[in-house]
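1. the sequence and its predicted three-dimensional model are supplied below.
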Amino acid sequence: MEARRHRPFVLINMAITADGKIASANRAIETFSSDRDQLHLLDLRATADAVLCGAKTGNSSGVTLGVGGARFRRLRLSRGLAETHLRVLVSGQARLHEDAEVFRNPSPAVIVFVARTAPIRRVRRLRKVASGVIAMGERRVDLAAALRWLWRFRGVKRLVCEGGGELNDAMFRAGLVDEVHLTLCPKLLGGREAPTIADGMGVPALAMATRLELIRTRRAGDELFLTYRVSRRAAVRGPRRNARAS
Ligand SMILES: NC(=O)c1ccc[n+]([C@@H]2O[C@H](COP(=O)([O-])OP(=O)(O)OC[C@H]3O[C@@H](n4cnc5c(N)ncnc54)[C@H](OP(=O)(O)O)[C@@H]3O)[C@@H](O)[C@H]2O)c1
């Protein structure tokens with residue numbers, strides 16, 4: 001894991017089905033957790049200086065990455081935080097739509113990270129609706145550099161990443177995640193093409209897997225709220241028997 005110097009503490013928060021999906025294969029089902037989980041999401045946002053997501057999540061209807069109203073603004077202030085968090089999106093090729101709901105309200109401020117190779121026409125459109133569009137990295141956004149920028153220039157000490165699977169995977173592979181919060185929901189969606197919490201490229205060998213330590217569990221109704229710490233211990237190398245197959 002990249003040493004956490006000059007970058008925010010990063011936690012990923014996702015709702016997953018019992019079969020490990022974060023949406024249906026056709027993306028028609030994108031919300032499946034309880035109202036309690038929605039409050040949990042807002043409560044976690046109210047612990048952070050910034051909330052981050054990928055372009056496809058940002059393009060989804062209903063995604064505003066907002067604070068959640070006066071109650072959560074007060075909660076933030078009582079925790080010694082600014083009244084609102086910063087909203088941050090990663091869109092390497094600037095495929096984030098300028099009419100996405102996240103841009104309909106100018107507050108909290110929205111920063112979009114794009115790659116230097118993003119088409120200038122699309123970048124210009126985003127510049128009209130975002131508070132800032134920052135180029136970081138050549139073909140893909142250099143996520144470590146983006147986090148350092150947020151830490152240095154926007155004072156972001158704690159950041160909640162809310163997916164989707166492609167962005168999460170890149171964050172895990174870059175060693176930029178400190179905690180994972182999962183709400184395990186009592187539904188099965190199935191579907192080979194349905195996204196999971198970490199899609200993208202994944203890792204080619206077990207030794208490179210992100211290792212997690214379960215540090216908290218809470219049951220509420222039929223949902224489980226799980227908190228994992230990303231382990232800093234070195235991965236075990238060499239051949240391992242697959243215990244499940246033996
Ligand atoms: N259940 C949950 O808690 C939950 C939470 C969030 C999202 N979701 C669901 O997840 C789905 C979206 O997930 P997804 O995996 O398809 O997409 P995603 O991760 O939200 O967005 C992917 C896009 O983000 C940009 N991106 C990600 N990593 C990048 C990097 N390292 N460098 C440059 N650009 C990067 C790219 O934008 P460009 O195309 O512009 O290059 C890429 O196409 C939606 O259906 C959403 O509803 C579920």
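-> Ah, there it is.
2. going forward, measure contacts between C-alpha atoms and count neighbours the same way
-> Fine.
3. count of residues packed around the residue lying closest to residue 171 once chain neighbours are set aside?
-> Leaving aside its sequence neighbours, residue 171 sits nearest to residue 177 (CA to CA, 6 or more residues apart in numbering; 6.4 Å). Other residues within reach of residue 177, judged by other CA atoms under 10 Å, total 26.
4. can you check the one 5 residues further on too?
-> By other CA under 10 Å, the residues close to residue 182 number 20.
5. show me what the host helix or strand of it is packed up against.
-> Assessed by DSSP states H and E, residue 182 sits inside strand 179-185. If contacts are counted by 3 or more CA pairs under 8 Å, 6 or more residues apart in numbering; DSSP states H and E, strand 179-185 sits against strand 9-17, strand 223-230.
6. any idea of the mean pLDDT in it?
-> The average pLDDT within strand 179-185 is 98.
7. assumed residue 124 was part of a helix.
-> Yes: judged by DSSP: H, G, I helix; E, B strand; the rest coil, residue 124 forms part of a helix.
8. can you read off the pLDDT for it?
-> We have a pLDDT of 98 for residue 124.
9. what do you get for the one 4 residues further on?
-> At residue 128 the predicted local distance difference test score is 97.
10. same thing with residue 244?
-> pLDDT, residue 244: 51.
11. what do you get for residue 200?
-> So, for residue 200, pLDDT stands at 88.
12. pretty sure it contacts residue 165?
-> Yes: counting by CA atoms under 8 Å, residue 165 is a contact partner of residue 200 at 6.9 Å.
13. coming back round to it: between the helices and strands packed on strand 179-185, which one is nearest to the ligand?
-> For the ligand, the closest of the helices and strands packed on strand 179-185 is strand 9-17, at 3.5 Å, according to CA to the nearest ligand atom.
14. parallel or antiparallel, which strands does that closest one pair with?
-> strand 158-161 (parallel), strand 179-185 (parallel) (DSSP bridges).
15. what about the protein, any weak spots by pLDDT?
-> Low-confidence segments of the chain, defined by pLDDT under 70: 1-3, 234-246.
16. now do stretch 29-48: distance to the chain's middle.
-> Relative to the centre of its chain, stretch 29-48 is centred 13 Å away, using CA atoms, centre = their mean, to the nearest Å.
17. got the CA positions of it in CSV?
-> Output of stretch 29-48 as CSV, limited to C-alpha atoms (Å, rounded to 0.1, in the frame of the first residue of the first chain):
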residue,chain,number,x,y,z
ILE,A,29,-31.2,-1.6,-10.8
GLU,A,30,-28.7,0.8,-9.1
THR,A,31,-30.3,1.2,-5.7
PHE,A,32,-31.2,-1.8,-3.6
SER,A,33,-30.3,-1.0,0.0
SER,A,34,-32.6,0.2,2.8
ASP,A,35,-33.3,3.8,3.9
ARG,A,36,-31.1,2.9,6.9
ASP,A,37,-28.2,2.3,4.6
GLN,A,38,-28.9,5.7,2.8
LEU,A,39,-28.6,7.4,6.2
HIS,A,40,-25.4,5.4,6.9
LEU,A,41,-24.0,6.7,3.5
LEU,A,42,-24.9,10.3,4.5
ASP,A,43,-23.4,9.9,7.9
LEU,A,44,-20.1,8.6,6.5
ARG,A,45,-20.1,11.6,4.0
ALA,A,46,-20.5,13.8,7.1
THR,A,47,-17.1,12.5,8.4
ALA,A,48,-15.2,13.4,5.3
